[in-house]
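*Asks:* quick one: sequence and predicted model below, then my questions.
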Amino acid sequence: DDVLKLAQRPVLAYRNRRVLDLAAADLNKIEIQRADEKFTFEKRDKEWKLIAPVAADVQAGKVEGLASDLSKLEIVEYVSETPKEADLDKIYGLAKPALSVTFHTKDAKKTLVIGNQRDAKSEYYARLDQGPVFAVRKELREDLDRSSLSYRPLQLWQTNPDAITEIAVQRGA
């Protein structure tokens, strides 16, 4: 009976759950499109920088963690090998996703789109480059759905206190 149950499982149940297996060092650009914001990180001289919408420094550990998660993208489970167009919009929310991330290596470009939350589960539907629909962890979606400001350094500026010669305070108009 146990062997029969295994044999009757859908083919998707036997696919590898790691849909990407890149070296994190190979990623050189990450573009994130959220509902209300689009921003881009780029690796320059082995250091991540925010290049759009403004050029700025970032907390390297946060972007490195994101790059690591994306380069070794592991899914929860496969949902549909060949999804129908109607299902992509109504069920999965992948026809016009509110969240997408495009990451570049020197040789390729991949786009991950994340759609609706699964019914009664914490995972979200996702798809990589028009491939099969699968489910990703809630934590991955939350990491990708952060504002670009959350990646910026917490220290606003660095200056030598001895270099300050005057402080002016303005109140009201």
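*Replies:* Nice, I can see it.

*Asks:* select the longest helix from this protein.
*Replies:* When secondary structure is assigned using DSSP state H, the longest helix within the chain turns out to be helix 60-71.

*Asks:* which SSE is immediately downstream of it?
*Replies:* Using DSSP states H and E, the next helix or strand after helix 60-71 towards the C-terminus is strand 77-80.

*Asks:* strand partners (parallel or antiparallel) of that next one?
*Replies:* Using DSSP bridges, strand 77-80 pairs in its sheet with strand 133-136 (antiparallel).

*Asks:* pLDDT weak spots in the protein?
*Replies:* 6, 9-16 (pLDDT under 70).

*Asks:* geometric centre of it: which residue is closest?
*Replies:* residue 144 (3.9 Å; Cα atoms, centre = their mean).

*Asks:* find the residue closest to that one in space, skipping its chain neighbours.
*Replies:* Of all residues beyond its chain neighbours, the one nearest residue 144 is residue 101 (5.6 Å), with distances taken as Cβ to Cβ, 6 or more residues apart in numbering. From N, CA and C alone the C-beta is placed, and that goes for glycine too.
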